[in-house]
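Q: Show me the folded form of this:
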Amino acid sequence: MQLLSDRCRVPPRKICSGSLTLGKKHLLSIPLRCGYIPFRPPQTDLISRFKEQLHKYRKSSYDIEGCDVGKTFFAEIYTPECWLFRTHIDFMVRAFWNKCGSHLASCNIVVLDSLLTQLLSAQYCSFVQACSPSTFVWHPLLASCVEGTLGDRSEKTGWLKDVHTVYTPMNWGNRHWVCLVISLDTWHIDILDPLLTETSDVKVSSFMAPLVRMLPHLIMSACEPDDIEHVDSTFFSYSRLDGLAQNTRGGDCGAYVIKFIEMHCHGYEANHLSHFSNLMVDNFRMEFALDVYKDFIGKLRVQ
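A: Next up, the predicted model:
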């Protein structure tokens with residue numbers, strides 16, 4: 001039988017010309033890829049208008065597509081060292097996909113929110129206790145993730161048929177965020193961890209067990225027979241990448257993870273993700289808040 005790793009690799013990602021120079025102390029030439037600019041400080045006047053509109057808002061909460069979030073929701077996204085919960089992270093992922101999803105889908109990439117890892121972890125005990133993985137009853141939203149039918153996305157994102165690489169954030173123990181890069185070609189998961197010292201190898205193994213054991217069976221259950229001809233139930237492997245920027249001041253791991261997702265799925269390698277200054281983190285947290293606000297609330301009013 002042909003091994004999964006012997007399958008054809010994904011075509012090289014499209015790269016546009018251009019470059020970006022960062023900082024005075026850390027000069028790093030970063031190519032601009034398909035119009036994506038990884039570090040662009042938001043305009044001062046835009047930030048001022050944004051904060052003014054948030055301050056003038058009189059209701060106690062915002063309704064974002066049926067999800068009720070507190071009045072401080074956007075301030076929590078842009079405030080340095082403020083912990084980001086699943087609701088923050090998932091709307092940040094959705095805003096990013098709305099902006100770049102068409103291009104990423106054309107490169108056989110999909111970016112999912114934390115629902116995938118959350119549901120796999122929640123069903124893990126039942127999966128382990130099941131008589132046979134082939135008869136396990138999967139949560140319907142897990143099947144939708146693999147089939148590419150979750151939500152109202154117009155892009156084709158079925159695993160193995162349309163998509164070869166899956167990006168998703170994962171929460172470890174309700175205290176730390178990491179980014180997972182799931183390769184459907186090599187059956188391997190790269191973990192982009194913004195604070196390696198936070199989690200021991202033993203803990204990592206425990207957190208990753210639901211994915212490495214369940215994903216093969218979920219894929220075989222949800223994908224079309226023609227797409228899984230060379231797939232078997234071999235566990236996924238995983239490894240944590242070294243050399244990435246580390247969230248040493250604390251509280252920013254969720255923001256780091258979204259930036260890791262943005263840059264890595266546009267083809268940036270570890271050397272481009274090796275250093276985020278506090279100012280850079282503050283700026284891209286503000287950018288995330290602005291993107292979510294503009295996507296789900298409306299345009300900022302010009303004075």
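
Q: Report the beta-bridge partner residues of the residue nearest the centre of the chain.
A: Taking Cα atoms, centre = their mean, the centroid of the chain lies closest to residue 168, which sits 3.7 Å from it. Note on residue 168: beta-bridge partners residue 180, judged by DSSP bridges.

Q: which residues does it contact?
A: By Cβ atoms under 8 Å, 6 or more residues apart in numbering, the residues touching residue 168 are 111, 112, 113, 114, 116, 117, 179, 180, 182. No exception for glycine: its C-beta is placed from N, CA and C like everyone else's.

Q: same thing but 6 Å
A: 112, 116, 117, 180 (Cβ atoms under 6 Å, 6 or more residues apart in numbering).

Q: Take the residues you listed and keep only those in strands.
A: Applying DSSP state E to these, the entries found in strands are residue 180.

Q: for the contacts of residue 168, which one is nearest residue 235?
A: residue 180 (15.0 Å; Cβ to Cβ).

Q: Which secondary structure state is assigned to residue 177?
A: strand (DSSP: H, G, I helix; E, B strand; the rest coil).

Q: what's the distance between it and residue 225?
A: 36 Å (Cβ to Cβ, to the nearest Å).

Q: Between those two, point out the one with more neighbours.
A: Using other Cβ atoms under 10 Å as the criterion, residue 177 and residue 225 rank with residue 177 on top: 25 against 7.

Q: which residues touch residue 86?
A: Shown in contact with residue 86 (Cβ under 6 Å, 6+ apart): residue 114.

Q: May I see the buried residues of the particular helix or strand that has residue 48 in it?
A: With secondary structure defined by DSSP states H and E, residue 48 is part of helix 44-56. Judged by neighbour count (16 or more other Cβ atoms under 10 Å), helix 44-56 contains these buried residues: 47, 50, 54.

Q: With stretch 289-302 instead?
A: Buried residues in stretch 289-302, defined by neighbour count with 16+ other Cβ under 10 Å: 289, 290, 291, 292, 293, 295, 296, 297, 300.

Q: The stretch 101-250 of the chain: helices as residue ranges?
A: For the stretch 101-250 of the chain, helices defined by DSSP state H, counting those that start in this stretch occupy the ranges 115-129, 140-147, 201-222.

Q: quick check: mean pLDDT across whichever helix or strand comes after the helix holding residue 48?
A: Where DSSP H and E defines the elements, the next helix or strand beyond helix 44-56 is strand 61-64. When pLDDT is averaged over strand 61-64, the result is 94.
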